[in-house]
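*Asks:* curious how this folds, go ahead:
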Amino acid sequence: MSGRLQDKVAIVTGAARGIGEATAQLFAQHGAHVFGIDRDPADAPSPQVEYLRADITEVAAIESAIEQVRARHGRIDVLVNNAGGDVFSDPLALADDEWDRCLSLNLKGAWNATRATLPSMLAQGAGAIVNIASVHAHKIIPGAFPYPVAKHGLIGLTRALGIEYAARGIRVNSISPGLILVPRIEAWFASQADPEAKRREQTELLPCKRIGTPEEVAYTALFLASDEARFINATDILVDGGRSQLYHD
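*Replies:* Here you go, the predicted structure:
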């Protein structure tokens, strides 16, 4: 039986670990030719994914990596903009370079990859772009500034481009993960005075009483990238176990 992305050419940024790694591997399992773009792909374990080294914040580097994919296969069917990073600060203590780094990592980087990919998708009259946003784009968590600013912008980018190119066969959607057991969250738990207590505390905040996995986000990306979602466009899907729907703790 063919996979859900059989013979499609897919690019996943930030693909060496966490949600990006899970997404790249799942896409490969479903028949896609997958290229993972990461600034540090050295420890990327999957033989099913071809890794390219590039930083999404460097325009020339990301354009070169995406052109390599297009030159190899003549088309690009799917782009998953997963690469990003936490930048949290007291607003008035935030340095200008940290503000710029947050927007570059979490918003402009996605635009860099999208802008490099769109000409190929427009030429073939089809394509699916999936942006990995965050629950921070829906609910404000004190102490997390300016990360929510960038993620709100990423959902705005999703909607604007989805409408702009809908009539030309391009779909642009986003996913907003909640608390997911990626390496940086595991590292955060480990840094706490009582890691297990902090893990229990965070688990209890979730209606389903468990923390999400990267694979659960990856399956949502698989659906949005596939032809099964061909009438879904300019939409964001929350993958947070229902946490953001609570009125209070």
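*Asks:* pretty sure V239 is touching P177, no?
*Replies:* Yes - assessed by C-beta atoms under 8 Å, V239 is found in contact with P177 at 5.0 Å. For glycine as for every other residue, the C-beta is placed from the backbone atoms N, C-alpha and C.
*Asks:* compare these two and say which is more crowded by neighbours.
*Replies:* More crowded of V239 and P177, by other C-beta atoms under 10 Å: P177, with 24 against 19.
*Asks:* partner strands of the lengthiest strand in the chain, with direction?
*Replies:* Scanning the chain for the strand with the most residues, using DSSP state E, yields strand 170-177. Strand 170-177 pairs in its sheet with strand 127-132 (parallel), strand 236-239 (parallel), by DSSP bridges.
*Asks:* with just CA atoms, put it into PDB.
*Replies:* Coordinates of each C-alpha in strand 170-177 appear next as PDB, following Å, rounded to 0.1, in the frame of the first residue of the first chain:
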ATOM      1  CA  ILE A 170      -0.700  26.300  -2.600                       C
ATOM      2  CA  ARG A 171      -2.000  25.500   0.900                       C
ATOM      3  CA  VAL A 172      -0.400  27.100   4.000                       C
ATOM      4  CA  ASN A 173      -1.300  25.900   7.500                       C
ATOM      5  CA  SER A 174       0.200  25.900  10.900                       C
ATOM      6  CA  ILE A 175       0.300  23.700  14.000                       C
ATOM      7  CA  SER A 176       0.500  25.100  17.600                       C
ATOM      8  CA  PRO A 177       2.100  22.500  19.900                       C
END
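*Asks:* which is the succeeding secondary structure element to it?
*Replies:* Once strand 170-177 ends, the next helix or strand along the chain (criterion: DSSP states H and E) is helix 183-191.
*Asks:* who touches that following helix?
*Replies:* Contact with helix 183-191 is made by R17, G18, D86, L179, P195, K198, R199, Q202, I211, as judged by C-beta atoms under 8 Å, 6 or more residues apart in numbering.
*Asks:* the fourth one reaches S244, doesn't it?
*Replies:* I take that to be L179. No - counting by C-beta under 8 Å, L179 stays clear of S244, with 10.7 Å between them.
*Asks:* got the buried residues for the helix-or-strand element of the chain with minimal mean pLDDT?
*Replies:* In the chain, no helix or strand scores lower on mean pLDDT, DSSP states H and E than helix 183-191, which sits at a mean of 93. Judged by neighbour count using 16 or more other C-beta atoms under 10 Å, the buried positions of helix 183-191 are I185, F189.
*Asks:* so what pLDDT did A42 get?
*Replies:* In the predicted model, A42 carries a pLDDT score of 76.
*Asks:* the one 3 residues further on now?
*Replies:* Note on P45: pLDDT of 67.
*Asks:* any low-confidence regions in the protein?
*Replies:* 1-2, 44-45, 249 (pLDDT under 70).
*Asks:* switch to 80 and redo it
*Replies:* The chain contains residues with pLDDT under 80 at 1-2, 42-46, 248-249.
*Asks:* ok, which stretches of this protein are helices?
*Replies:* 18-29, 59-73, 96-103, 109-124, 147-164, 183-191, 195-204, 214-225 (DSSP state H).
*Asks:* quick one: which of those is nearest A234?
*Replies:* helix 147-164 (3.0 Å; C-beta to C-beta).
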